[in-house]
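**Q** Model the following, please.
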Amino acid sequence: MSANVQKLCESAREKLKPAIEKLETFLNEHSLAQLSANQDEETVLFYQGFLSDLRHLLVFSEVSYEKLGTVLRRANFDVDFAEKALYHLYHQSVNSFFYPRNECYSEDGRYAYTGQDAIRFRVKPVRSARDIIMEITKTYEELRDDLNYYESDYLTQLRMQSQRNHA
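**A** Residues are numbered from 1 along each chain as shown. Below you'll find the model as predicted:
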């Protein structure tokens, strides 16, 4: 069990690194003024929300990346701490990507297995905004698949453990 959790931490951390770098580069190179120049109010609001969601995603991803690094650097691998870090990665970073607060884009499950892009934007974005989402989608899809267990099974396990401890 511990070897699997450790491999999952290593794999998740490796996958996060390039996504973090891409997000950081995009946010450093694009401002609201650039993205929404000469646009109507709806489009300006779209980009405000879009940039806000990307900043949240970057922070959540960086925090998870650091936590996973801490987990992996410890002399004795702590499975409980590692599972908590993976749980938070799933519920903060992965969910932040697929369910952005401002809903500037969403995943359309009907396209997920057709080879077409499953991400649909609320407003047609400029190429660079579309590209950043498309470039990191695969990473967050892989993390979602890898960490699927942490969506609900992990909490069930903790509840059962807690009930046994109180019995």
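**Q** What residues of the biggest helix by length in the chain count as buried?
**A** Criterion DSSP state H: the longest helix present in the chain is helix 41-73. Across helix 41-73, burial judged by 16 or more other Cβ atoms under 10 Å covers 43, 45-47, 49-51, 53-54, 56-58, 60-61, 64-65, 67-68, 71. (Each C-beta comes from the backbone N, C-alpha and C, glycine too.)
**Q** quick check, distance from it to the centre of its chain.
**A** Chain-centre distance of helix 41-73: 8 Å, with Cα atoms, centre = their mean, to the nearest Å.
**Q** Helix or strand next in line after that helix, which one?
**A** Downstream of helix 41-73, the first helix or strand assigned by DSSP states H and E is helix 79-88.
**Q** avg pLDDT for that next one?
**A** If you average the pLDDT over helix 79-88, you get 92.
**Q** So what's the model's average confidence on the next helix or strand after that helix?
**A** Using DSSP H and E, the helix or strand that follows helix 79-88 towards the C-terminus is helix 95-98. Mean per-residue pLDDT for helix 95-98: 94.
**Q** So which elements touch helix 95-98?
**A** Helix 95-98 sits against helix 41-73, helix 127-146, with contacts defined as 3 or more Cβ pairs under 8 Å, 6 or more residues apart in numbering; DSSP states H and E.
**Q** which strands and helices sit next to whatever helix or strand comes next after that helix?
**A** Counting by DSSP H and E, the next helix or strand C-terminal to helix 95-98 is strand 105-107. With contacts defined as 3+ Cβ pairs under 8 Å, 6+ apart, strand 105-107 has these neighbours: strand 119-121.
**Q** Give me the contacts around the strand it packs on.
**A** Contact with strand 119-121 is made by 104-108, 111, 130, 133-134, 137, as judged by Cβ atoms under 8 Å, 6 or more residues apart in numbering.
**Q** Pick the one among the residues you listed closest to residue 34.
**A** The closest of those to residue 34 turns out to be residue 130 (Cβ to Cβ; 14.7 Å).
**Q** Spatially, what comes nearest to that closest one if we skip its sequence neighbours?
**A** residue 121 (6.9 Å; Cβ to Cβ, 6 or more residues apart in numbering).
**Q** average model confidence for the longest helix of the chain?
**A** 96.
**Q** I'm done for today, thanks for sticking with me.
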